[in-house]
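S.K.: Everything below, folded, please.
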Amino acid sequence: MADLLFIVSRSEPKRYMYLKHEFADESKEVILDRRGSDRRQRQRPPPVERRHLERRHRDITPELRASGWAVLRRLAK
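M.R.: Residues are numbered from 1 along each chain as shown. Next comes the predicted model:
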């Protein structure tokens, strides 16, 4: 599994190709951001929270908006 994960905004296909070419190897992985928007569109929270843990450890949205990409270190499992 890759140690570093580069996530590139879908609006930056050229940057994605560049990073994929330059940095993708055994310890690095480059992917496009798959999020379209937050799933929950309601103003009210659901009656019962089904998720026990938040899957996202860090919000990278500001980085994607500012620079078009973000890098994360994967945790060992």
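S.K.: after the longest helix anywhere in the chain comes which helix or strand?
M.R.: As assigned by DSSP state H, the longest helix anywhere in the chain is helix 13-23. Moving toward the C-terminus from helix 13-23, the next helix or strand (DSSP states H and E) is strand 28-32.
S.K.: Return the set of buried residues in the next helix or strand after that following strand.
M.R.: Downstream of strand 28-32, the next assigned helix or strand under DSSP H and E is helix 61-67. For helix 61-67, the neighbour count (16 or more other C-beta atoms under 10 Å) marks 63-64 as buried. To be clear about C-beta, it is placed using only N, CA and C from the backbone, and glycine gets the same treatment.
S.K.: what's the answer for stretch 3-19, then?
M.R.: Quick answer for stretch 3-19 (16+ other C-beta under 10 Å): 6-9, 12, 15-16, 19.
S.K.: So what would you say the end-to-end distance of that stretch is?
M.R.: In stretch 3-19, first residue to last residue: 15 Å (C-alpha to C-alpha, to the nearest Å).
S.K.: hmm, who's touching it?
M.R.: With C-beta atoms under 8 Å, 6 or more residues apart in numbering as the test, stretch 3-19 has contacts from 23, 27-33, 60, 64-65, 68-74.
S.K.: Quick one: mean pLDDT for that stretch?
M.R.: Average pLDDT, stretch 3-19: 92.
S.K.: give me every residue that touches residue 23.
M.R.: Listed by C-beta under 8 Å, 6+ apart, the contact set of residue 23 reads 4, 6, 30.
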